[in-house]
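*Asks:* Prediction below, plus the sequence it came from.
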Amino acid sequence: MSEYARRLLSRIEAIDNANADNRRRAEAYQRMEGELQTVEGTATSPDGLVTVVASAAGEVTGLTFGDRARTIEPLALSATVMHTIAAARADAARRQAEVVRRGLGDTSLLDKVLDEDRKLFGDQRPPEPGKPPRRRDDDEFFGEFQLYRGGRRHSRTGTA
């Protein structure tokens, strides 16, 4: 076999190897895509009162309350639910990152994403939402209006 034929054969083998590598990568990406779609994150509040399941997209797919939920003030329960949703979403994001790490191996870009996730989500609880605004009752609300009767101005409490 001539030198030219050997080089040509070597190039054909290299192309075949690259093609096989690309096919394996494509199969790995398809597996990874399927896995990413089924990732779920789960979190339970520290007191065990609320458990949340979040999808890969961060949508809440499950919400379970413990027996004590009926005894908790609505504002406190609401805050616990919101904190637990955030934790479940963060768990889903971490699980997605692990799927990518298994599929692609360690990459510096993935490490940067994970670092940002830790900064954004971490294990810290989100800030307390605070008290809801005080709702005025109807008497208080309508007390600000002035009434007109027979051409004379009257307040709700008497003549103005």
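*Replies:* The structure has been received and is ready for your questions. Numbers count the residues shown, from 1 in each chain.
*Asks:* Give the buried residues for the top helix by length along the chain.
*Replies:* Identified as the longest helix of the chain according to DSSP state H is helix 3-38. Under the neighbour-count criterion of 16 or more other CB atoms under 10 Å, helix 3-38 has M32, E35 buried. (Glycine included, C-beta is placed from N, CA and C.)
*Asks:* what element comes up after it heading to the C-terminus?
*Replies:* Counting by DSSP states H and E, the next helix or strand C-terminal to helix 3-38 is strand 40-44.
*Asks:* what does that following strand contact?
*Replies:* For strand 40-44, the external contacting residues (CB atoms under 8 Å, 6 or more residues apart in numbering) are 50-56, 61, 84-85, 87-95.
*Asks:* The next helix or strand after that strand pairs with which strands, parallel or anti?
*Replies:* Remark: after strand 40-44, the chain's next helix or strand is strand 50-55, criterion DSSP H and E. Each strand paired with strand 50-55, and its direction, by DSSP bridges: strand 40-44 (antiparallel), strand 60-65 (antiparallel).
*Asks:* Among the ones you listed, show me which one is buried the most.
*Replies:* Highest mean neighbour count among the strands paired with strand 50-55 (mean count of other CB atoms under 10 Å): strand 40-44, with a mean of 17.
*Asks:* For F65, name its beta-bridge partners.
*Replies:* For F65, the beta-bridge partners are V50 (DSSP bridges).
*Asks:* Distance check, it against P74.
*Replies:* For F65, the distance to P74 equals 12 Å [CB to CB, to the nearest Å].
*Asks:* just E40 next, same as before
*Replies:* Going from E40 to P74 by CB to CB gives 27 Å.
*Asks:* my read: V81 touches V52, true?
*Replies:* Yes: V81 is within contact range of V52, at 7.5 Å (criterion: CB atoms under 8 Å).
*Asks:* More neighbours: which of these two?
*Replies:* Ranked by neighbour count (other CB atoms under 10 Å), V81 and V52 place V52 first, with 24 against 18.
*Asks:* what pLDDT does that one get?
*Replies:* V52 is assigned 98 on the pLDDT scale.
*Asks:* for L104, same thing?
*Replies:* pLDDT for L104: 76.
*Asks:* do R101 as well
*Replies:* For R101, the model assigns a pLDDT of 83.
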